[in-house]
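Trainee: Sequence first, then the predicted structure:
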Amino acid sequence: MRIDIITVLPELLKSPFEASILKRAIEANLVEIHFHNLRDYTTDNYKSIDDTQFGGGAGMVMMVEPIHKCINKLTSERDYGEIIYMTPDGETLNQGIANQISIKENIIILCGHYKGVDQRVRDHLITREISIGDYVLSGGELAAAVLCDAVIRLIPGVLGNETSALTDSFQDNLLAPPIYTKPREYNGWKVPELLFSGNLPKIEEWREEQAYKRTKERRPDLLED
Ligand SMILES: C[S@@+](CC[C@H](N)C(=O)[O-])C[C@H]1O[C@@H](n2cnc3c(N)ncnc32)[C@H](O)[C@@H]1O
């Protein structure tokens, strides 16, 4: 998979890709990340990417031209399965959306700033708009990093254990069951006996029951789907 990220702050985005699972995925050539500084697509001496709003009002708006030029350059080189704008009024990111995006070969992610981008970018250049939640960040970079992490860990081969992403919360509309590791007893706090029984079908059944119970308690809305 190839991910092209358009940003005015590439430095803000680098560190999430320089550690742990994302770093290993890049090193293993399972994903390529390319940053594009929007200021490289400006025409004036000040490298302006924003201007005041037509009609008045507080806050600057990101201009259509540099974004158009950058997206045009990328799409003239290869096809993209999705051109995503990170925005608080987009569809809220969930595991289903991450699954859908993880099977795309190439995607572009546009990070906004200030009041956001000129509406014509959204009307004519963007194919999907994604929010990471009902709150407003200062820029799209952290949101893009969240989306990339959620997507990249689903690419086959990225996680050491192929099945582990499938047993995480939300994959089957259930939250994950409780998990335990050594020691067997700590401070008088015990691990459920069944987990030492070696009876794998029973353990699996217990995990499913626990996942269902936790989902019913914490996220009953998931069971309605
Ligand atoms: C200050 S916000 C703009 C908010 C916009 N004026 C509004 O009210 O919807 C600047 C940029 O941060 C990004 N951003 C902020 N909150 C976000 C969220 N919850 N999800 C995804 N991106 C977000 C977007 O790229 C947005 O263009």
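Mentor: Right, received. Where do you want to start?
Trainee: Low-confidence bits of this structure, can you list those?
Mentor: Scanning the chain for pLDDT under 70 picks out the ranges 162-163.
Trainee: Mind naming the longest strand for it?
Mentor: If you go by DSSP state E, the chain has its longest strand at strand 82-92.
Trainee: Please identify the buried residues of the helix or strand following that strand?
Mentor: If you walk from strand 82-92 toward the C-terminus, the next helix or strand you reach (DSSP states H and E) is helix 95-102. With burial defined by 16 or more other Cβ atoms under 10 Å, the residues of helix 95-102 counted as buried are Gln95, Ile97, Ala98, Ile101, Ser102. Bear in mind the C-beta positions are built from the backbone N, C-alpha and C, glycine included.
Trainee: Same question for stretch 182-201.
Mentor: Buried residues in stretch 182-201 (16+ other Cβ under 10 Å): Val191, Leu195.
Trainee: quick thing: my sequence starts at 42, can you match it?
Mentor: Let's use 42 as the start, then, which means that last one is stretch 223-242.
Trainee: could the buried residues of helix 136-143 be laid out in CSV, adding distance to the ligand?
Mentor: As requested, the buried residues of helix 136-143 are arranged in CSV below (distance: Cβ to the nearest ligand atom, whole Å):
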residue, distance to the ligand
Gln136, 16
Ile138, 12
Ala139, 14
Ile142, 14
Ser143, 18
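Trainee: Number of residues surrounding the closest residue to the ligand within the chain?
Mentor: Ranking the residues of the chain by distance to the ligand (Cβ to the nearest ligand atom) places Gly153 first, at 2.1 Å. One way to gauge burial is a neighbour count; for Gly153, by other Cβ atoms under 10 Å, it gives 26.
Trainee: mind listing what it touches?
Mentor: Neighbour list for Gly153: Met103, Tyr126, Met127, Thr128, Gly180, Gly181 [criterion: Cβ atoms under 8 Å, 6 or more residues apart in numbering].
Trainee: same deal with Asp45?
Mentor: The contact partners of Asp45, by Cβ under 8 Å, 6+ apart, come to His75, His77, Leu115, Tyr121, Asn147, Ile148, Ile149, Ile150.
Trainee: before we move on, what about Ile44?
Mentor: The contact partners of Ile44, taken as Cβ under 8 Å, 6+ apart, are Val72, Glu73, Ile74, His75, Asn147, Ile148, Ile149, Ile150, Cys189, Val192, Ile193.
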